[in-house]
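Chemist: What follows is a predicted structure for the sequence shown.
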Amino acid sequence: MSGDDTYELYIDAFTPASIPMSRLAEYMADFAVLLGHEEHVHFDKLKPGSLSLAARADQVAQNKVQRRLDEVRYGTGPKAAMDALRSIDDKLAADNAIGSIRHGKARIIEFSGCTRPVESSVGPIIQPGTLDGEVIQVGGRDETINIHIKTGDDIHRCITTKAIARRLTQHIFGTPVRVRGRGTWSRAESGEWKLHRFDIESFETLEETPLSKIFEGLRARLTPPEGGRLNPIDLVRQLREE
């Protein structure tokens with residue numbers, strides 16, 4: 001069988017004989033999530049020398065796995081894959097190691113691990129801001145009510161008053177909203193920012209116009225009037241006013 005369907009997670013600080021089995025299992029779990037398509041990706045072997053964990057992709061999934069890794073490399077991969085990427089790099093940093101993912105002779109992803117610059121932690125910081133998302137939960141028994149806002153794959157815990165909560169309840173699992181208020185943030189040493197809570201002071205509903213309709217409207221506006229010429233200054237002014 002050709003080696004073109006094999007991906008290797010290389011770790012310089014261990015050998016197959018020196019890595020603790022529990023730590024190996026953690027790396028394998030993250031590697032599996034990073035590659036995805038679990039039903040078509042299989043453990044192959046541990047190579048001798050510095051630790052090289054090899055996984056083999058079935059023919060039917062080879063293009064999908066390669067596309068997923070390309071997306072991860074450019075920062076556009078699925079959230080689970082991006083989380084696995086960060087988790088592997090965090091483990092390498094904790095193990096005083098560096099690593100890479102290799103496909104044949106190519107190193108398609110490099111992990112800086114212990115060589116990455118360490119940023120000092122910051123926070124908590126409270127600052128005004130907005131959150132866009134779907135209201136998925138409203139609850140509470142005292143004067144402050146818990147509101148859960150789902151943005152993509154993330155769920156943010158928010159706090160608000162009973163009056164605002166009553167109005168937000170009308171939009172639960174419905175039209176997306178934009179909430180305004182003050183967020184409490186902190187930055188970890190990895191450089192990742194985390195929102196701990198968000199105090200909602202006001203909100204507005206967001207229009208759910210399909211993208212195709214938006215383009216149709218823009219196209220209509222960009223069409224010059226019959227027998228005349230389009231005035232771009234007037235168009236820009238109109239769009240700004242809206």
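Modeler: Here it is on my side, so go on.
Chemist: show me where the chain has strands.
Modeler: Using DSSP state E, the strands found in the chain span residues 6-11, 41-47, 51-57, 99-103, 106-111, 122-139, 144-151, 154-161, 177-187, 193-205.
Chemist: can you list the domains in the chain?
Modeler: 3-115, 122-205, 211-241 (automatic domain parsing).
Chemist: what would those domains look like in JSON lines with mean pLDDT and mean neighbour count?
Modeler: The C-beta positions use only the backbone N, C-alpha and C, and glycine is treated the same way. Converted to JSON lines, the domains of the chain look like this (pLDDT from 0 to 100; neighbours: other CB atoms under 10 Å):
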{"stretch": "domain 3-115", "mean pLDDT": "90", "mean neighbour count": "16"}
{"stretch": "domain 122-205", "mean pLDDT": "88", "mean neighbour count": "15"}
{"stretch": "domain 211-241", "mean pLDDT": "62", "mean neighbour count": "9"}
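Chemist: Just want the most central residue of the protein.
Modeler: Lys79 (4.0 Å; CA atoms, centre = their mean).
Chemist: OK, contacts around that one?
Modeler: With contacts defined as CB atoms under 8 Å, 6 or more residues apart in numbering, Lys79 is in contact with Gly152, Asp153.
Chemist: how about a cut-off of 6 Å?
Modeler: Asp153 (CB atoms under 6 Å, 6 or more residues apart in numbering).
Chemist: Tell me how far it lies from Ile125.
Modeler: 24 Å (CB to CB, to the nearest Å).
Chemist: what does Ile159 give?
Modeler: 17 Å.
Chemist: pretty sure Ile172 contacts Glu134?
Modeler: No. If you go by CB atoms under 6 Å, Ile172 and Glu134 don't touch, sitting 8.4 Å apart.
Chemist: mind checking the end-to-end distance for stretch 35-44?
Modeler: 14 Å (CA to CA, to the nearest Å).
Chemist: who touches that stretch?
Modeler: Ala32, Ala54, Ala55, Arg56, Ala57, Asp58, Val60, Ala61, Lys64, Val65, Arg68.
Chemist: which residue packs closest to the fourth one, ignoring adjacent ones?
Modeler: Nearest residue to Arg56 in three dimensions, chain neighbours excluded: Asp44, at 4.4 Å (CB to CB, 6 or more residues apart in numbering).
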